[in-house]
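> Could you look at this predicted model? Sequence included:
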Amino acid sequence: MKQMKNMCTGMDAKLAEMLLDPSAVPAKVQSHVADCGSCQRELAELKATMNLMDAWEAPEPNPYFLTRLDASMREEREAAPTGWLAGAISRLRAGFAYGPRSHARPLAAMALTVMLLVGGGTYLDVTDWNHPAQAPEQAVVHDLQTLDSNAQLLDQMETLSDNDNGD
């Protein structure tokens, strides 16, 4: 019995596979389901659930849903809160949640202007457009001079190592 219990672990996904496409399930799983009573019951329950899901039809939405929702929202906006602090907070919250967005346009324009100025200044600082770039010929000459000095240094180190070795 204990060995059968160990074989049943992880069979949930395989049972669902067996229900949807029995030909894709390995023969070992099919033989286990044929021998195991608990797996057979689980497979029967899955089949019953799938049959119920196939028979279920979604209900039609109520045509007056949006009208009732608008009425509920209006009542919520017009409800008077208790206390002066709660009233001030609710009016502020209602102004942001339900009010017109026209008061936010100047703030958005100002925020966009500041972002453009900061971004443009950062771009100009990063690109260093005020500092002239080094001419390509000068860069090539400088690279060749660096390679030449490195070659001279390597030659000097080679002669030093030859002298240390007694050559």
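Structure received. Numbering: from 1, shown residues only.

> which stretches of the chain form helices?
Ranges of helices in the chain, per DSSP state H, are 2-8, 11-20, 27-35, 37-55, 65-78, 84-97, 104-127, 136-164.

> from the middle of its chain, how far away would the last one be?
Using Cα atoms, centre = their mean, to the nearest Å, we find the averaged C-alpha position of helix 136-164 to lie 52 Å away from the chain's own average C-alpha position.

> Make CSV from the helices of the chain and add mean pLDDT and mean neighbour count to it.
Where you see a C-beta, it was placed from the backbone N, CA and C, and this is true even at glycine. Shown next, in CSV, are the helices of the chain (pLDDT from 0 to 100; neighbours: other Cβ atoms under 10 Å):
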stretch, mean pLDDT, mean neighbour count
helix 2-8, 57, 11
helix 11-20, 81, 15
helix 27-35, 85, 13
helix 37-55, 88, 12
helix 65-78, 86, 10
helix 84-97, 77, 12
helix 104-127, 80, 10
helix 136-164, 75, 10
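
> now residue 151: how far from residue 67?
Residue 151 sits 88 Å away from residue 67, going by Cβ to Cβ, to the nearest Å.

> For residue 38, which non-adjacent residue is spatially closest?
residue 8 (6.2 Å; Cβ to Cβ, 6 or more residues apart in numbering).

> That neighbour reaches residue 41, doesn't it?
No: using Cβ atoms under 8 Å, residue 8 makes no contact with residue 41, being 11.1 Å away.

> what domains does the record give for the chain?
Taking automatic domain parsing as the domain assignment, the ranges for the chain are 2-55, 133-167.

> Just put the ones you listed in CSV and tack on distance to residue 84.
Converted to CSV, those look like this (distance: least, Cβ to Cβ, whole Å):
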stretch, distance to residue 84
domain 2-55, 54
domain 133-167, 65
